[in-house]
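A.B. asks: What shape does this take:
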Amino acid sequence: MAKRNNKRKTNRLLSDCHAEKSAIKRWLLSMSSGLVVFAIVIWGGVTLYDPETLPLRSIEVKGEFIKVTDRQVREVVAENNVSGFFNTDVEAITNDLRALKWVQTASVRRVWPDELQIVVYERKAMANWNDDYLLTADATLFAPDSETRPEGLPTLEGPQGTEAKVIERYIEIQAILQPLGVRVAELKMNARRAWSMRLENGIEFDLGRMETVARLKRFIGVYSNTFLTQQNDIAEVDLRYTNGFTLRLKEITNQPDKQAQLGMEHHVQKT
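C.D. replies: Modelled structure (predicted):
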């Protein structure tokens, strides 16, 4: 009986040793496979990010440019040392392009197998703002170099943070004046929220604080004929009255008959 038990113990020990050796072999095999995969990944990464592997051979630039130039865009790309397909930092290029003052936004992407595609959207200035900035239709302020500022833009002014409000009022007033063929050259809102404007023909308007659009409509409705035919003789219109307005005429020294004719209009007009 004792011999039989000893034999069983010996067989069990041999079986355990065999199982342990098998586990060690499996672990070593697994480790070897892992190391091989890791080495392949490292080699592949180094190879793919080598500038000599899959080099970028063309750069396509898209966009409707007025102030931004194709050359500017390509200079930004060149400054970022573009070389290989995978090692080119498209995020850095995108950020540098968006830093250009006339760029609203930009996108950069790789196109397989060897192209970099860049799309640039340029800012569109609708007005000067407070003499220092340009203003877009969505109330974004930016300050480009003076030599790139477009000519002929209206000037809008207002306290900080009122850009959208001033744009809204400008659009309303310009729509009222459009049938007359005149345009706003300057529109201001002061710290007291009172409005004034100057037209391209030189006539200045004091619009006041309340019901500015309604009062301007009333003036145009009542006085449109005289406004059109005699606009070269009108210096200023004051609309700060509840139910009327006043006109101030230009100095007419060489035309006494015309001065007498226009003199009758130099008072409050009741509506």
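
A.B. asks: For the residue nearest in space to the middle of the chain, list the residues it contacts.
C.D. replies: For the chain, the residue nearest the mean C-alpha position is Q104 (3.6 Å; C-alpha atoms, centre = their mean). Applying C-beta atoms under 8 Å, 6 or more residues apart in numbering to Q104 gives the contacts Y121, E122, R123, K124, T136, T140. Using the backbone N, CA and C atoms, a C-beta is placed for each residue, glycine as well.

A.B. asks: Counting neighbours, what do you get for the second one?
C.D. replies: Number of residues near E122 (other C-beta atoms under 10 Å) recorded here: 17.

A.B. asks: That one pairs with what?
C.D. replies: Applying DSSP bridges to E122 gives these bridge partners: V103.

A.B. asks: and R98, how far is that from T212?
C.D. replies: 37 Å (C-beta to C-beta, to the nearest Å).

A.B. asks: Could you check which of those two has the larger neighbour count?
C.D. replies: Taking other C-beta under 10 Å, R98 and T212 do not tie; T212 has more neighbours (22 against 15).

A.B. asks: Am I right that the more buried one is in contact with R169?
C.D. replies: Yes. Between T212 and R169 there is a contact at 7.3 Å, judged by C-beta atoms under 8 Å.

A.B. asks: picking up where we left off before, mind putting the contacts of Q104 into TSV with distance to P55 and pLDDT?
C.D. replies: Formatted as TSV, the contacts of Q104 follow (distance: C-beta to C-beta, whole Å; pLDDT from 0 to 100):
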residue	distance to P55	pLDDT
Y121	28	95
E122	30	95
R123	33	96
K124	36	95
T136	38	97
T140	38	96
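
A.B. asks: Going by distance to R183, which of these wins?
C.D. replies: Lowest distance from R183 to the contacts of Q104 (C-beta to C-beta) belongs to K124, with 17.7 Å.

A.B. asks: Now the closest one. Nearest residue, chain neighbours left out?
C.D. replies: T136 (6.1 Å; C-beta to C-beta, 6 or more residues apart in numbering).
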